[in-house]
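>>> pasting the sequence and the predicted coordinates here, then a few questions.
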Amino acid sequence: MKKQQMVVRKVGSARSCSESMATSVRYGECQKNHAANIGGYAVDGCREFMASGEEGTSAALTCAACNCHRNFHRREVDEVVSECTSNSPSSYGA
């Protein structure tokens, strides 16, 4: 099960073209160093973040597989920008 977050926002002013940007965030493998206190390096092998609870709760930030916080998992961001659609010059009152 993949956990994804989608954000859509408009960029641009009234005189320039407007474009939409969609951001998809996914959390990959766990990078927590479990042997840091003894000077070593060991990860637990968790391959993907799976939320323990529903979105909006504190359990949503804990991984169900390795019980680590979401910040220990590698963050992968995919941004998609739609094509520019310009408005006609007559709409500006020129």
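Here it is on my side, so go on.
>>> quick one, strands of the chain?
Along the chain, the segments classed as strands by DSSP state E run 4-11, 19-30, 73-81.
>>> who touches Glu48 in this structure?
Taking CB atoms under 8 Å, 6 or more residues apart in numbering as the criterion, Glu48 is in contact with Lys2, Tyr27, Gly28, Glu29, Ala65, His73. The way it works is simple: take the backbone N, C-alpha and C, and place the C-beta from them, glycine included.
>>> mind putting these into CSV with pLDDT?
Formatted as CSV, the contacts of Glu48 follow (pLDDT from 0 to 100):
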residue, pLDDT
Lys2, 48
Tyr27, 92
Gly28, 93
Glu29, 94
Ala65, 94
His73, 95
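>>> of those, closest to Asp44?
The closest of those to Asp44 turns out to be Ala65 (CB to CB; 8.7 Å).
>>> over to the closest one: give its phi and psi.
The phi/psi pair for Ala65 (degrees, to the nearest 10) reads phi -80, psi -50.
>>> which residues touch it?
Neighbour list for Ala65: Cys30, Cys46, Glu48, Phe49, Met50 [criterion: CB under 8 Å, 6+ apart].
>>> how about 6 Å then?
By CB atoms under 6 Å, 6 or more residues apart in numbering, the residues touching Ala65 are Cys46, Met50.
>>> Glu29 now?
Arg47, Arg74 are the contacts of Glu29 under CB under 6 Å, 6+ apart.
>>> if we use 8 Å, what do you get?
Neighbouring residues of Glu29 by CB under 8 Å, 6+ apart: Val43, Cys46, Arg47, Glu48, His73, Arg74.
>>> ok, the closest residue to the last one other than its chain neighbours - contacts?
Pointing back at Arg74 there. In this structure, Arg74 finds its nearest non-sequential neighbour in Gly28, 4.2 Å apart by CB to CB, 6 or more residues apart in numbering. Gly28 makes contact with Arg47, Glu48, Phe49, His73, Arg74, Arg75, Glu76, according to CB under 8 Å, 6+ apart.
>>> now with 10 Å?
Cys46, Arg47, Glu48, Phe49, His73, Arg74, Arg75, Glu76 (CB atoms under 10 Å, 6 or more residues apart in numbering).
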